[in-house]
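My questions are about this predicted structure, shown below with the sequence.
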Amino acid sequence: QVQLVESGGGLAQPGGSLRLSCAASGFSFGSYAMSWARQAPGKGLEWVSAIYSDGSDKRYADSVKGRFTISRDNVKNTVDLQMNSLEAEDTALYYCAKAPGSYWQGLYDYWGQGAQVTVSS
């Protein structure tokens, strides 16, 4: 079955960096776009970033553009999110999600359990 397991969350200071990683299994990873989304306390789900199946195209929410970088390794079946210049507003539970197709259409069909990111001094 499809499994998505996030790791790498934790506590960072404002202006600091963290790197999230998502290990995928149970499907043909290189055939599907992947995405990151987040949910801050008391708020709804916010899409953060997506990457096409072959890594040729990457998309970012305006709130993270220029600070976050998504990447994938289709040999290791992982998708990472490098987060730099972190702000308190980035505090959230971050989810790795699989898209139902090879390119990003704003849809998800499987989710990980989430990784907590807390930005605080």
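That came through fine. Numbering: from 1, shown residues only.

Every contact and neighbour count from this point should use C-alpha atoms.
Fine.

Distance of the residue most central in space within the chain relative to Gly55?
Using C-alpha atoms, centre = their mean, the residue of the chain that lies closest to the mean C-alpha position is Trp36, 2.6 Å off. For Trp36, the distance to Gly55 (C-alpha to C-alpha, to the nearest Å) stands at 14 Å.

which other residues reach stretch 95-106?
Counting contacts by C-alpha atoms under 8 Å, 6 or more residues apart in numbering, the residues outside stretch 95-106 that touch it are 4-6, 22, 31-38, 50-54, 107-115.

Kindly export it (C-alpha atoms) in CSV.
Coordinates of each C-alpha in stretch 95-106 appear next as CSV, following Å, rounded to 0.1, in the frame of the first residue of the first chain:
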residue,chain,number,x,y,z
TYR,A,95,2.3,17.0,5.2
CYS,A,96,3.8,15.1,2.2
ALA,A,97,1.2,14.3,-0.4
LYS,A,98,1.1,12.3,-3.6
ALA,A,99,-0.7,13.6,-6.6
PRO,A,100,-2.9,11.3,-8.8
GLY,A,101,-0.9,12.2,-11.9
SER,A,102,2.5,13.1,-13.2
TYR,A,103,2.0,16.8,-13.1
TRP,A,104,0.6,19.1,-10.5
GLN,A,105,-3.2,19.9,-10.8
GLY,A,106,-3.9,20.8,-7.2
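
Now do the buried residues in it.
Tyr95, Cys96, Ala97, Lys98, Ala99, Pro100, Gly101, Ser102, Tyr103, Trp104 (16 or more other C-alpha atoms under 10 Å).

cool, stretch 34-49 as well?
Of the residues in stretch 34-49, those buried by neighbour count under the rule 16+ other C-alpha under 10 Å are Met34, Ser35, Trp36, Ala37, Arg38, Gln39, Ala40, Glu46, Trp47, Val48, Ser49.

again with stretch 15-32
Of the residues in stretch 15-32, those scored as buried under the neighbour-count criterion (16+ other C-alpha under 10 Å) are Ser17, Leu18, Arg19, Leu20, Ser21, Cys22, Ala23, Ala24, Phe29, Gly30, Ser31, Tyr32.
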